[in-house]
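Peer 1: coords please:
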Amino acid sequence: MAGKATISSSNSAIIAMIADEDTVTGFLLAGVGNVDLRRKTNYLIVDSKTTVKAIEDAFKEFTTKDDVAIVLISQYVANMIRFLVDSYNKPVPAILEIPSKDHPYDPAHDSILSRVKYLFSSDSSESARR
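Peer 2: Below you'll find the model as predicted:
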C-alpha cells in the first residue's frame, strides 16, 4: 500500500513519554523505560524548571525516531507546545494526550479527539445526504 506508515521490524517499537515525574515514574515501573547506546532515554520529565524549548526538542526528537511507535504526552504539557502537537499529522508515532495527577484530562483540548470527531461528523453528514 502506498503511503502506509511502517515501523522497522528488526527491533521492537518503544513508547516515548513527555510528562511530570509521577506519571513518568508510573510508566517506568510498568516497564516502558528504555536507554539506547548513546545513553538517551525515551522520556522527558517536565517540572517547573523545564523550558518550553526543551519540551519542543524532546517532542521533535521522539516523533522523528524510527523505533518510537507511540508518544504519550501529558495534556498540560501538550498545551505548552499546542502548535507542534496540532501540526503533527503522521500516523506513526501516534501522539496520545493523557491526564496527570495534578491536571485532569480536558477533551476540549485534545487535538486527536477533535480530529476523530471531525472525521466521524463528516462521515455521518455524507451518509445522511444519501
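Peer 1: switch to C-alpha atoms for all contacts and neighbour counts from now on
Peer 2: OK.
Peer 1: the protein: strands as residue ranges?
Peer 2: All strands of the chain, identified by DSSP state E, fall at 14-19, 43-45, 68-74, 94-98.
Peer 1: looking at those, which is nearest to residue 120?
Peer 2: Across the strands of the chain, residue 120 has its closest neighbour in strand 94-98 (18.7 Å, Cα to Cα).
Peer 1: quick check: which ranges of this structure have low pLDDT?
Peer 2: Scanning the chain for pLDDT under 70 picks out 1-11, 122-130.
Peer 1: can you rerun that using 90?
Peer 2: Where the chain drops to pLDDT under 90, the residues are 1-13, 34-38, 86, 89, 91, 99-130.
Peer 1: any idea what residue 17 is bridged to?
Peer 2: Beta bridges link residue 17 to residue 43, residue 72 when assigned by DSSP bridges.
Peer 1: ok, residue 12 - contacts?
Peer 2: By Cα atoms under 8 Å, 6 or more residues apart in numbering, residue 12 lies in contact with residue 67.
Peer 1: that one and residue 64, how far apart?
Peer 2: 16 Å (Cα to Cα, to the nearest Å).
Peer 1: how about residue 45?
Peer 2: 19 Å.
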